[in-house]
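[1] Here is a sequence with its predicted model. Questions after.
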Amino acid sequence: MKLARFDSNGVPQLGAVVGDAIVPLRNLAPEFATMRELASSDRDTIARLSDLVARTVPEVELSAVRLLAPIERPGKYLGIGMNYADHMKEAERLGVKQQPNQTWFNKQTTCVVGPYDDIEPGVTEKLDYEVELGVVIGSNAKSVSAADAHRHVFGYFVANDVSARDWQFHSQTFMMGKSFDTHGPIGPWIVTADEVPDPHVLGLRCLVNGELRQESNTSKMISNIWDQIAYLSTAFTLETGDLLATGTPEGVGVAMSPPQFLKRGDVIRCEVDGVGAIENKVA
């Protein structure tokens with residue numbers, strides 16, 4: 001299923017996207033008030049809900065509603081850096097040293113906005129884009145092996161890891177430059193894990209004002225999603241509804257010659273095959 005949150009007269013609702021329409025879940029599954037509650041359900045429950053949705057006539061045109069971030073504010077939003085070899089080379093040219101382990105940073109959860117919401121630059125003068133495949137954790141994961149990691153994934157979304165490059169190195173963790181308000185657009189929905197048999201064969205790309213800037217495939221990740229979950233859960237529990245941004249490929253603006261930072265009015269479109277696309281304007 002494609003599970004979304006949408007604004008219904010000022011009240012967030014859950015829905016399943018079917019074609020160009022939405023099946024609201026308030027009558028089909030009233031026991032689920034939030035996406036995080038849905039994410040905690042088992043695979044059988046998701047399968048039963050999918051069957052109900054398939055037998056229901058959609059009530060709402062997708063074009064008639066505003067899609068919200070597909071999950072309420074998560075407990076954690078974690079991003080991995082330099083997880084594509086060519087992007088790592090870009091980073092090294094800019095003076096970012098390669099690390100022997102996976103390199104993770106926090107995106108403060110207040111950065112999360114919807115799939116078509118505006119990006120506010122804030123005080124940065126070096127605003128940049130990063131298309132990524134996002135992961136939503138389902139059941140809690142602690143000390144999980146890479147072989148079992150897939151059991152803890154609820155679904156996938158498209159992420160733009162918007163980055164304030166001039167603030168990114170204010171701290172060694174990158175956190176300041178990754179966490180500005182509105183710098184975490186995600187969506188447009190969550191595609192449940194059963195509909196993505198292999199998340200490591202997906203094309204992804206980023207376009208700025210229609211110009212292709214990034215294009216790659218998740219097969220090129222250095223640490224795949226299962227290894228990421230295993231690594232993180234060795235140290236702490238990944239909880240239901242936590243988000244992971246799994247890395248960006250080469251082509252970011254800061255690495256261009258000369259650098260091409262985003263400016264007001266620019267439109268950034270991030271796409272992941274089999275998942276969807278988000279599009280955000282710099283306000």
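    Okay, I see it.
[2] The residue lying closest to Glu31 once chain neighbours are set aside: how many residues sit nearby?
    Closest residue to Glu31 in three dimensions, ignoring its sequence neighbours and counting by Cβ to Cβ, 6 or more residues apart in numbering: Glu37, at 7.8 Å. The way it works is simple: take the backbone N, C-alpha and C, and place the C-beta from them, glycine included. Using other Cβ atoms under 10 Å, Glu37 is surrounded by 15 other residues.
[3] For Glu37, pull up the helix or strand it's in.
    Using DSSP states H and E, the secondary-structure element containing Glu37 is helix 35-39.
[4] tell me which residues of the lowest-mean-pLDDT helix or strand in the chain are tucked away?
    Within the chain, no helix or strand scores below helix 85-93, which has a mean of 87 by mean pLDDT, DSSP states H and E. Within helix 85-93, the residues that qualify as buried are His87, Met88, Glu90, Ala91, counting by 16 or more other Cβ atoms under 10 Å.
[5] residues making contact with the helix or strand that it is followed by?
    Sequence order places strand 103-106 as the next helix or strand after helix 85-93, per DSSP H and E. Strand 103-106 is contacted from outside by 76-82, 173-175, 178-179, 232, using Cβ atoms under 8 Å, 6 or more residues apart in numbering.
[6] Confidence-wise, which of those residues comes last?
    On pLDDT alone, Thr173 ranks lowest of the contacts of strand 103-106, at 83.
[7] How about that one, nearest residue that isn't a chain neighbour?
    Computed as Cβ to Cβ, 6+ apart, the closest residue to Thr173 that is not its neighbour in sequence is Phe105, at 5.0 Å.
[8] pLDDT score assigned to the one you found?
    The predicted structure lists Phe105 with a pLDDT of 96.
[9] That one pairs with what?
    In this structure, Phe105 bridges to Gly79 when assessed by DSSP bridges.
[10] Just give the number of residues close to it.
    The local packing count at Phe105 equals 21, with neighbours defined by other Cβ under 10 Å.
[11] again with Pro258
    By other Cβ under 10 Å, neighbour count at Pro258 equals 6.
[12] Can you report phi and psi for it?
    Here the main-chain torsion angles of Pro258 (degrees, to the nearest 10) amount to phi -70, psi 170.
[13] Now do the contacts for it.
    Contacts were defined as Cβ under 8 Å, 6+ apart; by that measure Pro258 touches no other residue.
[14] and it, how far is that from Arg213?
    For Pro258, the distance to Arg213 equals 14 Å [Cβ to Cβ, to the nearest Å].
[15] on that earlier part again, so how far is Leu14 from the residue nearest to Glu31?
    As for Glu37, its distance to Leu14 is 9 Å (criterion: Cβ to Cβ).
[16] Let me see the backbone angles for Gly203.
    Per-residue torsions, Gly203: phi -70, psi 150 (degrees, to the nearest 10).
[17] Correction: the previous question concerned Ala230.
    Geometry field for Ala230 lists phi and psi as phi -60, psi -40, criterion degrees, to the nearest 10.
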